[in-house]
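Engineer: Quick one: sequence and predicted model below, then my questions.
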There are 2 protein chains.
Amino acid sequence: MSDALIELARRMLAGDRRALARLITLADDGHPGLAHVLREIHPRTGKAHVIGITGPPGAGKSTLVWALAAEYLRRERQVGVIAIDPTSPFSGGAVLGDRVRMPANTPAGVYFRSMASRGQLGGTSRSVRGVVHLLDSFGKDVILIETVGAGQSDVAVRTLAHTTVVVSVPGLGDDIQMLKAGILEIADVYVVNKADRDGADRTAAQLASMIEIGRESARAIGHGSDDGWVPPVVRTVALKGERVDELADALDAHRTYLVQSGRWDTLVRAQAEAELQEALLVRLEQLLARSPVAARKDQLIGDIAARKLDAYQAADALLAMLAPGA
Amino acid sequence: MSDALIELARRMLAGDRRALARLITLADDGHPGLAHVLREIHPRTGKAHVIGITGPPGAGKSTLVWALAAEYLRRERQVGVIAIDPTSPFSGGAVLGDRVRMPANTPAGVYFRSMASRGQLGGTSRSVRGVVHLLDSFGKDVILIETVGAGQSDVAVRTLAHTTVVVSVPGLGDDIQMLKAGILEIADVYVVNKADRDGADRTAAQLASMIEIGRESARAIGHGSDDGWVPPVVRTVALKGERVDELADALDAHRTYLVQSGRWDTLVRAQAEAELQEALLVRLEQLLARSPVAARKDQLIGDIAARKLDAYQAADALLAMLAPGA
């Protein structure tokens, strides 16, 4: 099995788009053989600029992502797009499938994939990270990851992206609601989309003053936010393609800033750490799934539920089975 | 140190409210000694009805939680309230502190705690679970957990609560947006709050028809949703305390349903499993933090970042250090 997967990985690295699609499906499904594939492609990863695009429903993120992809194509850069949908607990599938998200005419040269977010914690970041590695090794220069501004998928994407874009629209909620959403402060670049609507100036001004307040309070408590990057606020009309070039410029500027300030390396290291953590969890799960450990685990869960043991006692009993020497 | 903590736990079990407050702070901080405390209190846990209350910003969740707490007090039940705030990456603290969330006059007999959600995956559920155990062993009959309807804290609370309430308000977004938010389908009880506003009937009717569609599609694909519980839609005006008694009745009915159908035991077992998983992660972290493993881990992260090794190779190298026999 793993030989066939490695063969598939080699065809993908040689430019075979169908091999890419099949590998992405395996990553999305959390296929256990993916570790072999990632080993094969790992030396070819690490070059793409990964950009997370988030914001509330109705902000026009999908349209913006496609306008941005088209702009990158004009700049002769290869683009991959990953759209993460919240999963429906009823159907087990994504609430919005490709049908809704996929534009009628995908620009040639753009690879698009819609993925469902995972129920379990960490599931999304693991599968999306796999897809990012695949697109990266395939030669994509830019990978855009679109998430609905709600749910754990945002947290997952934050550990994957070099640059985070938060998309807003004029008049969407008052200030405290924006704060409450908790996503505003994570942006490297802000977009006020649908900027031909009334109130765009006011929203942009509010954002700019929030950025300034954030920087001041960060300075006051000694957080190192005063590091030379002031998040710009770009006003786009994605539907008409207006000022999308300005957004692409801002994203390029952020990448240059990351590289020159040494932050790119810090991010790459943080991502390596997150990935190691995930791999450890996968290995731990695999160890726990083996009999007789799995049977003992089942028993221990019953003991915790019956209040005979607490979780740490049970964990220690299990680890003793795995690691007699630890 | 652990002796002092166990002494503190015993004082808490004897009814000392200040001991409870100190232990909750330790749980919130992720104090390593908490495992000792949880061992001490574990036999006294498992009685409280844990209710998660979620919904979009502006739905009036905080007001509803307080009205509900007051209603439970009238029914002579002890209440604990946990409000989970999104963390600000700038300040490192909660975006909205007790100052905003805490009502001017907390009813006596209600224990209130505001907690910040954690940046790392799983951090929130671990610390909130600890606080739930503490309140439960202290003798709280009902524990209300309020989360902003966005971010990983919702996922965390879903694994902690027996009953999930989703709060909506008239006219908040159209249908597809509600679906997109991905939180509607998880409810055991729906609330349309601010039901004295225009459009309350329409929103309640939309919810009821969505519930019916969801049940039908679940039946169609053979999911066992047809299990006797139809999520009710309760229209409250929390600010005036209107129909909050009806909500409390619905919540009691859901608890009765869970117990009689055997689902309570299934939930308790699922929670025990999640808790064991968390304890395993804590132990794994502790093993990894020891030298010389920690030093080797640092080196391996550098190797992943430099594309010399992939994450699984690095994970295997680390596990080999922990468990020579595995």
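Structural biologist: Sure, I can see it. Since the structure is predicted, the reported quantities are computational estimates derived from the model, not experimental observations.
Engineer: For stretch A:198-213, list every residue counted as buried.
Structural biologist: A:200, A:203-204, A:206-207, A:210-211 (16 or more other C-beta atoms under 10 Å in any protein chain shown). Every residue, glycine included, has its C-beta placed from N, CA and C.
Engineer: Among those residues, which one lies nearest to B:Asp16?
Structural biologist: Nearest to B:Asp16 among those: A:Met210, at 42.9 Å, using C-beta to C-beta.
Engineer: For the stretch 201-326 of chain A, give me the ranges with low pLDDT.
Structural biologist: A:214, A:217-227, A:323-326 (pLDDT under 70).
Engineer: The buried residues of stretch A:198-213: which two are farthest apart?
Structural biologist: By the measure C-beta to C-beta, A:Ala200 and A:Ile211 form the most distant pair in those, at 16.5 Å.
Engineer: what separates the helix or strand containing A:Leu144 from the chain centre, distance-wise?
Structural biologist: When elements are assigned from DSSP states H and E, A:Leu144 belongs to strand A:142-147. What separates the centre of strand A:142-147 from the centre of its chain is 7 Å, taken as C-alpha atoms, centre = their mean, to the nearest Å.
Engineer: ok, residues contacting that strand?
Structural biologist: A:48-54, A:61-62, A:65, A:68-69, A:72, A:77-84, A:117, A:128, A:132, A:135-136, A:153-154, A:157, A:160-161 (C-beta atoms under 8 Å, 6 or more residues apart in numbering or on different chains).
Engineer: What's opposite A:Ser168 in the beta bridge?
Structural biologist: With DSSP bridges as the criterion, A:Ser168 is bridged to A:Val192.
Engineer: So it is in contact with A:Ala59, correct?
Structural biologist: Yes. Using C-beta atoms under 8 Å, A:Ser168 is in contact with A:Ala59, at 6.1 Å.
Engineer: Settle it for me: which of these two has more neighbours?
Structural biologist: A:Ser168 (28 against 23; other C-beta atoms under 10 Å in any protein chain shown).
Engineer: can you give me the strands for the stretch 201-326 of chain A?
Structural biologist: For the stretch 201-326 of chain A, the strands defined by DSSP state E, counting those that start in this stretch occupy A:233-235.
Engineer: ranges for the helices of it?
Structural biologist: Counting by DSSP state H, counting those that start in this stretch, the stretch 201-326 of chain A has helices at residues A:244-261, A:263-289, A:293-305, A:311-322.
Engineer: Which residues in the first one does the neighbour count mark as buried?
Structural biologist: What that stands for is helix A:244-261. A:244-245, A:247-248, A:250-252, A:254-255, A:257-258.
Engineer: Go through these and name the one nearest chain B.
Structural biologist: A:Leu258 (14.3 Å; C-beta to the nearest C-beta).
Engineer: Next, the contact list for the closest residue to the closest one other than its chain neighbours, please.
Structural biologist: Nearest residue to A:Leu258, sequence neighbours excluded (C-beta to C-beta, 6 or more residues apart in numbering or on different chains): A:Trp264, at 4.1 Å. For A:Trp264, the contact set (C-beta under 8 Å, 6+ apart) comprises A:162, A:255, A:258.
Engineer: which residues touch the last one?
Structural biologist: Applying C-beta under 8 Å, 6+ apart, one finds that A:Leu258 lies in contact with A:162-163, A:264, A:267.
Engineer: please redo it, this time with the cut-off set to 10 Å
Structural biologist: Counting by C-beta atoms under 10 Å, 6 or more residues apart in numbering or on different chains, A:Leu258 makes contact with A:49, A:162-163, A:188, A:229, A:264-268.
Engineer: Pull out the buried members of those.
Structural biologist: A:49, A:162-163, A:188, A:264, A:267-268.
Engineer: which two from the residues you listed end up farthest apart in space?
Structural biologist: Longest span within the buried ones among the contacts of A:Leu258, C-beta to C-beta: A:Asp188 and A:Val268, 15.9 Å.
Engineer: ok so, going back, quick check: buried residues in the strand holding A:Leu144?
Structural biologist: Quick answer for strand A:142-147 (16+ other C-beta under 10 Å): A:142-147.
Engineer: Ok, stretch A:109-116 next?
Structural biologist: By 16+ other C-beta under 10 Å, the buried positions in stretch A:109-116 come out as A:110-116.
Engineer: And these, which is closest to A:Asp28?
Structural biologist: Of the buried residues of stretch A:109-116, the one sitting nearest to A:Asp28 (C-beta to C-beta) turns out to be A:Met115, at 5.5 Å.
Engineer: In this structure the closest one contacts A:Arg126, no?
Structural biologist: No. Judged on C-beta atoms under 10 Å, A:Met115 makes no contact with A:Arg126 at a distance of 11.5 Å.
Engineer: what sits in contact with each of the two?
Structural biologist: Common contact partners of A:Met115 and A:Arg126 (C-beta under 10 Å, 6+ apart): A:Ala27.
Engineer: contacting residues around A:Asp303?
Structural biologist: Going by C-beta under 10 Å, 6+ apart, A:Asp303 touches A:309-311, A:313-314, A:317, B:272, B:276.
Engineer: Can you give me the domain assignment for chain A?
Structural biologist: Per the record, chain A has its domains at A:1-42, A:45-261, A:290-322, by automatic domain parsing.
Engineer: how about the helices in the stretch 51-200 of chain A?
Structural biologist: A:61-74, A:98-101, A:123-138, A:152-158, A:175-181, A:200-220.
Engineer: Pick out the shakiest of those, pLDDT-wise.
Structural biologist: Ranked by mean pLDDT, the helices of the stretch 51-200 of chain A bottom out at helix A:98-101, with a mean of 41.
Engineer: Okay, buried residues for stretch A:131-139 please.
Structural biologist: A:131-138.
Engineer: I'd like those laid out as a markdown table, including distance to chain B.
Structural biologist: Formatted as a markdown table, the buried residues of stretch A:131-139 follow (distance: C-beta to the nearest C-beta, whole Å):
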| residue | distance to chain B |
| --- | --- |
| A:Val131 | 15 |
| A:Val132 | 13 |
| A:His133 | 9 |
| A:Leu134 | 13 |
| A:Leu135 | 16 |
| A:Asp136 | 11 |
| A:Ser137 | 11 |
| A:Phe138 | 16 |
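Engineer: Return the member of the buried residues of strand A:142-147 nearest to chain B.
Structural biologist: For those, the nearest to chain B is A:Thr147 (11.1 Å; C-beta to the nearest C-beta).
Engineer: does the closest one have beta-bridge partners, and which?
Structural biologist: Beta-bridge partners recorded for A:Thr147 (DSSP bridges): A:Ile84.
Engineer: That one and A:Val157: what is the separation?
Structural biologist: Using C-beta to C-beta, to the nearest Å, A:Thr147 is found at 5 Å from A:Val157.
Engineer: and for the two, which residues touch both?
Structural biologist: In contact with both A:Thr147 and A:Val157: A:52-54, A:82, A:84, A:124, A:128, using C-beta under 10 Å, 6+ apart.
Engineer: Out of those residues, show me where the pLDDT dips lowest.
Structural biologist: Lowest pLDDT among the shared contacts of A:Thr147 and A:Val157: A:Thr124, 70.
Engineer: What is the burial count for that one?
Structural biologist: 26.
Engineer: can you check A:Gln271 too?
Structural biologist: When counting by other C-beta under 10 Å, one arrives at 22 neighbours for A:Gln271.
Engineer: My guess is it contacts A:Val128. True?
Structural biologist: No. Using C-beta under 10 Å, A:Gln271 is not in contact with A:Val128; the gap is 12.0 Å.
Engineer: residues bridging contact with these two, i.e. touching both?
Structural biologist: Common neighbours of A:Gln271 and A:Val128, using C-beta under 10 Å, 6+ apart, are A:50, A:159-160.
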